[in-house]
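Undergrad: Compute the structure for the input listed below.
(chains A and B)
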There are 2 protein chains.
Amino acid sequence: MNDTLGEVGEAATLARIFPRLPAASAALVGPGDDAAVLAAPDGRFVVTTDMMVHGPDFRLAWSSPHDLGWKAAASNLADVAAMGAVPTGLVVALAAPADTSVTFLEQFADGLRDGCAAMAPGCGVVGGDLSVSPTLTIAVTAFGDLEGRAPVLRSGATVGDVVAVSGPIGAAGAGIRLLFSEAMVDGAPDASLATALRSTHPDIAFQLAPTPPIAVGRIAALAGATAMIDLSDGLALDARRVAVASGVALDLSLAAVGTIEALVGGEDHSLLATFPATALLPWGFRAVGTVVNGVGLLVDGEPFEARGGWDPYEGWDGEDG
Amino acid sequence: MNDTLGEVGEAATLARIFPRLPAASAALVGPGDDAAVLAAPDGRFVVTTDMMVHGPDFRLAWSSPHDLGWKAAASNLADVAAMGAVPTGLVVALAAPADTSVTFLEQFADGLRDGCAAMAPGCGVVGGDLSVSPTLTIAVTAFGDLEGRAPVLRSGATVGDVVAVSGPIGAAGAGIRLLFSEAMVDGAPDASLATALRSTHPDIAFQLAPTPPIAVGRIAALAGATAMIDLSDGLALDARRVAVASGVALDLSLAAVGTIEALVGGEDHSLLATFPATALLPWGFRAVGTVVNGVGLLVDGEPFEARGGWDPYEGWDGEDG
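TA: Next up is the predicted model:
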């Protein structure tokens, strides 16, 4: 059961992984041919891609293979949801060192399956690619169905709208700060400290295996959301993106957000949306601010300049772990 | 102009790359939001993904960044074409060392653009992701439009059909053999030897920047192809895949194929299709064999067991270059 990718080979490894992957109900032709064929009932499809690289994006001492599959699904599903679409399928390309165990890859597949089942039932894996690389790398592309609706862009926020969020704000950022401060030994990530920490601090799971509110993207669109974005780089940075794209200012309430740390913590993959002031906020959303005249980000009426968020080029030392 | 990715940062690098990328005529929402929206006029879309990793899949001493963009497009477009579809869009995820020059990435984008223009006009890049990694890694996902037709699968070959190929057979394999025998110095890939070799041996370009017959995929489907596959792993291995999927044997003529080396050389990305014996072979195809009773691959009526093809786990020593 602990054969490695290099020993087992690509074809036999895929044969062990395939049965564990979730099926997509929209797949007209599934994995195994040159390409898959997916249904796009309204004549359009939403598509997004995201890559996770060992080192800057995750540490193997902290993330289990199941976590990695789950998070690779979650981060891509959130981008589909942020358009107001329902996720229909994923393709997954994975490159791993030749000495990676096939068991690791099976557990990664289980994470994809469980993540899809929990966050986007009916969405499945319709294709993929498996390569050898010195650096474990996961590239997922996700698809979604707009069900005939217009996509909810970043550019539609209007002065007077309510700014609302669904899902945690800053929890994943708090989790990564905790790991870097409490789960290191001699400057290297430590597995047993991380496991112990996870059992007592829920923020660790928000970082390693987030469960963003995917189903709520569709609900926001139906409720008339004027703009929407997935909070991948932190509330401050992503709210500013909506503001700039829409040519307005977003004024957030610090009391509603929680803390300054929450404003700048990335990787929650929660959804920020704006709604007309007259709309009832749909299920799953809470108000955190309003859209006002100007361009940029305000907190309690004052300009907020700290960018925060997650820069993959910052603070990465190339160290394994 | 030679700033690195690490110095320039993700956002500014993307701002320099974006204008060079080809636009997709099917894009309803292009890059820049959480996800893109692509048209799928007949209510379905074809999707395939393929990853290229520095080391096992290419050497930087031999491949220019323009070659890499071109080949990343070509290998994915060929999988779309092999379904009988017309390519409509690509998403491109790239991870590169922080000291990669932005100029390198611009030339990679130019290769994507020129490859799309040459092989699939109208197809463009609708989204992407840029990450830092010690290992240069390129993951492309490609989409296509079946224009209302049924996809041409691997499983439809019928006894009596003609086996035909469009594009070179074994040229890319001859190219990589030449590079490994004639463009190495002290066991490492050498750039100037490769450049000199490329000017005199066309097989080198078939390996480094292949131009598979993408437009012919649609023509094959219209002409009634019963099965089709992209020759990524060599004619012998890919013809056997069609045979096994269809429950038949493919009997190839060595005289039509050329040489035994041509049978086992991978990465041509040419198209193999089967057509009813009564059909006129469409433009761009030449007959190389027939479909007969049995299961597997025959050459001139005799079982052919050599697998050949490209195994990413074989013969890779982790060496840079």
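
Undergrad: Retrieve the pLDDT associated with the closest residue to residue A:88 other than its chain neighbours.
TA: Spatial nearest neighbour of residue A:88, excluding adjacent residues (Cβ to Cβ, 6 or more residues apart in numbering or on different chains): residue A:26 at 4.1 Å. C-beta: built from backbone N, CA, C; applies to glycine. You'll see residue A:26 listed with a pLDDT of 97.

Undergrad: Phi, psi for residue A:26 please.
TA: Dihedral angles phi and psi of residue A:26 (degrees, to the nearest 10) take the values phi -90, psi 0.

Undergrad: Using the three-state scheme, assign whichever residue of the stretch 51-200 of chain A sits closest to chain B.
TA: Chain B sits closest to residue A:139 of the stretch 51-200 of chain A, with a gap of 3.5 Å, by Cβ to the nearest Cβ. Classification of residue A:139 using DSSP: H, G, I helix; E, B strand; the rest coil returns strand.

Undergrad: So what's the residue count around the residue nearest to residue A:88?
TA: Residue A:26 has 24 neighbouring residues, counting by other Cβ atoms under 10 Å in any protein chain shown.

Undergrad: same thing with residue A:97?
TA: Residue A:97, neighbours per other Cβ under 10 Å, totals 15.

Undergrad: quick one, what contacts it?
TA: Each residue near residue A:97 by Cβ atoms under 8 Å, 6 or more residues apart in numbering or on different chains is listed here: A:5, A:132-136.

Undergrad: Kindly identify which of those also come near chain B.
TA: A:5, A:132-135 (Cβ under 8 Å from any Cβ of the partner chain).

Undergrad: Out of the contacts of residue A:97, which sit inside strands?
TA: residue A:132 (DSSP state E).

Undergrad: Name the residues linked to the closest residue to residue A:59 other than its chain neighbours by a beta bridge.
TA: Leaving aside its chain neighbours, residue A:59 sits nearest to residue A:189 (4.3 Å; criterion: Cβ to Cβ, 6+ apart). When assigned by DSSP bridges, residue A:189 has beta-bridge partners residue A:184.

Undergrad: Counting neighbours, what do you get for residue A:189?
TA: Residue A:189 has 20 neighbouring residues, counting by other Cβ under 10 Å.

Undergrad: all strands for the stretch 151-300 of chain A, in order.
TA: A:162-166, A:184-185, A:188-189, A:227-231, A:249-252, A:270-275, A:286-292, A:296-299 (DSSP state E, counting those that start in this stretch).

Undergrad: Reformat those strands as JSON lines; add mean pLDDT and distance to residue A:40.
TA: Output for these, formatted as JSON lines (pLDDT from 0 to 100; distance: least, Cβ to Cβ, whole Å):
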{"stretch": "strand A:162-166", "mean pLDDT": "98", "distance to residue A:40": "26"}
{"stretch": "strand A:184-185", "mean pLDDT": "96", "distance to residue A:40": "46"}
{"stretch": "strand A:188-189", "mean pLDDT": "96", "distance to residue A:40": "42"}
{"stretch": "strand A:227-231", "mean pLDDT": "98", "distance to residue A:40": "21"}
{"stretch": "strand A:249-252", "mean pLDDT": "98", "distance to residue A:40": "33"}
{"stretch": "strand A:270-275", "mean pLDDT": "98", "distance to residue A:40": "23"}
{"stretch": "strand A:286-292", "mean pLDDT": "98", "distance to residue A:40": "32"}
{"stretch": "strand A:296-299", "mean pLDDT": "97", "distance to residue A:40": "36"}
